[in-house]
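Visitor: with the input below, show me the fold.
(one chain, ligands or ions: 1)
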Amino acid sequence: MHELPVTQSILQIALKHANEAGATRVEDIHIVMGELSSSVDDSVQFYWDIIAKDTLAEGATLHFRRVPAEMQCQACSEKFRPNDEYLCPKCGGAQVKIVAGEEFYVEAIDVDK
Ligand SMILES: [Zn+2]
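Guide: Reported below is the predicted structural model:
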């Protein structure tokens, strides 16, 4: 499980932001999570409740926005949903790359002053 370090980095970002803003409490944290990201939001929430305890971010609500996976053909630039073969549905090319769905980052933090 690698959600713990991921969750710790979210907490660090949130606390840094809260300190810079002179906040007394972190209320909401908006996290973008790609469909292909191997992190699981339930696990992040689980660790969050433990590590955020006794910090400004204790009790903050985590919001997860899922980004659908998308691939792009290197040959014809067609963008498509990943399929089983990982082949371009337009030209059949195998030179495809993942262009969306692997994201994992903090999009926004709402604090209370
Ligand atoms: Zn193609």
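Visitor: for the rest of this, base every contact and every neighbour count on C-alpha atoms.
Guide: Will do.
Visitor: list the buried residues of the helix or strand harbouring Ile50.
Guide: Assigned by DSSP states H and E, Ile50 belongs to helix 41-51. Buried residues in helix 41-51, counted by 16 or more other Cα atoms under 10 Å: 41, 44-45, 47-48.
Visitor: could you point out the helix or strand that follows that helix?
Guide: Next along from helix 41-51, by DSSP H and E: strand 61-67.
Visitor: what helices and strands are in contact with that following strand?
Guide: In terms of contacts (3 or more Cα pairs under 8 Å, 6 or more residues apart in numbering; DSSP states H and E), strand 61-67 is packed against strand 25-34.
Visitor: other residues contacting the strand it packs on?
Guide: 14-15, 18, 39, 56-69, 100-113 (Cα atoms under 8 Å, 6 or more residues apart in numbering).
Visitor: also stretch 72-81?
Guide: Under Cα under 8 Å, 6+ apart, the answer for stretch 72-81 is 69-71, 88-91, 93-99.
Visitor: the residues you listed also near the ion: which ones?
Guide: 88, 91 (Cα under 5 Å from the ion).
Visitor: for Val106, which non-adjacent residue is spatially closest?
Guide: Of all residues not flanking Val106 in the chain, Ile31 sits nearest, at 4.5 Å (Cα to Cα, 6 or more residues apart in numbering).
Visitor: count residues in the vicinity of the one you found, would you?
Guide: 20 (other Cα atoms under 10 Å).
Visitor: what sits opposite it in the beta ladder?
Guide: Phe64, Val106 (DSSP bridges).
Visitor: what's the spacing between it and the ion?
Guide: 32 Å (Cα to the ion, to the nearest Å).
Visitor: relative to strand 25-34, how tilted is the helix holding Ile50?
Guide: With axes from the mean of the first three to the mean of the last three Cα atoms, to 10 degrees as the basis, helix 41-51 and strand 25-34 are set at 150 degrees to each other.
Visitor: spatially nearest residue to the residue of the chain most remote from its centre, not counting backbone neighbours?
Guide: If you look at how far each residue of the chain sits from its centre, by Cα atoms, centre = their mean, the farthest one is Cys91, at 31.6 Å. Once flanking residues are discounted, Cys91 sits nearest to Cys76: 7.2 Å by Cα to Cα, 6+ apart.
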